[in-house]
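**Q** Next come a sequence and a model predicted from it.
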Amino acid sequence: MFDLDQTSRLKVWKEFRQSLETSEHPLEDVALFWSRTPFVHRYLDPNYSFDWPDPWHLIIDNKYDDLAIALGMCYTLTLTERFKSQKVEIHTSMFSGEERYIVVVNDRDVLNFFHREVTNTGELTHGSNKIYPV
């Protein structure tokens, strides 16, 4: 999807969100979908959330750092009927001295910590793998 023109990207993203309504594994689908993004070193400033793009401009801009990918995951989930009333948050995690942006769904499921995977928060609260809210 990410190599398509702006209009096609928006269309494919809409169709993907619609597919989540009936998916047996929607979180895994989201993790896989967002694992295919082109990656840039730094795009969004975590300290200025008021400057973050809305969902459609995120897709139109087509620039993704770790925070933009997490934001895209959040937008993808919260723009579905299935997840719109669920608790979906971006958190900061420190892992091996590296700051990561992860998506936590209902205080239980974690996306964007491991590439293409959904992890349980219980697996990330041992040792130095602690989740810190943004």
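**A** Looks like it came in fine. Numbers count the residues shown, from 1 in each chain.

**Q** going forward, measure contacts and count neighbours with C-alpha atoms only.
**A** Fine.

**Q** Can you tell me which helices and strands the one helix or strand Thr92 maps to packs against?
**A** Element membership for Thr92 (DSSP states H and E) is strand 88-95. Packing partners of strand 88-95 (3 or more C-alpha pairs under 8 Å, 6 or more residues apart in numbering; DSSP states H and E): helix 66-78, strand 98-105, strand 130-133.

**Q** what mean pLDDT would you report for the first one?
**A** Confidence over helix 66-78, taken as the mean pLDDT, stands at 96.

**Q** what's in contact with that helix?
**A** 17, 30-31, 34, 37, 39, 43-44, 46, 55, 58, 83-86, 88-90, 100-103, 111-112 (C-alpha atoms under 8 Å, 6 or more residues apart in numbering).

**Q** Pull out the buried residues from those residues.
**A** 17, 30-31, 34, 37, 44, 55, 58, 83, 88-90, 100-103, 111-112 (16 or more other C-alpha atoms under 10 Å).

**Q** Show me what the strand holding Thr92 pairs with in its sheet, parallel or antiparallel.
**A** Here strand 88-95 has these sheet partners by DSSP bridges: strand 98-105 (antiparallel), strand 130-133 (antiparallel).

**Q** Compare those and say which comes out lowest on pLDDT.
**A** Note on these: strand 130-133 shows the lowest mean pLDDT, a mean of 45.

**Q** ok, now which ones touch Ser8?
**A** Here Ser8 is in contact with Met1 (C-alpha under 8 Å, 6+ apart).

**Q** Confirm that it lies within a helix, as I assumed.
**A** Yes: Ser8: assigned to a helix according to DSSP: H, G, I helix; E, B strand; the rest coil.
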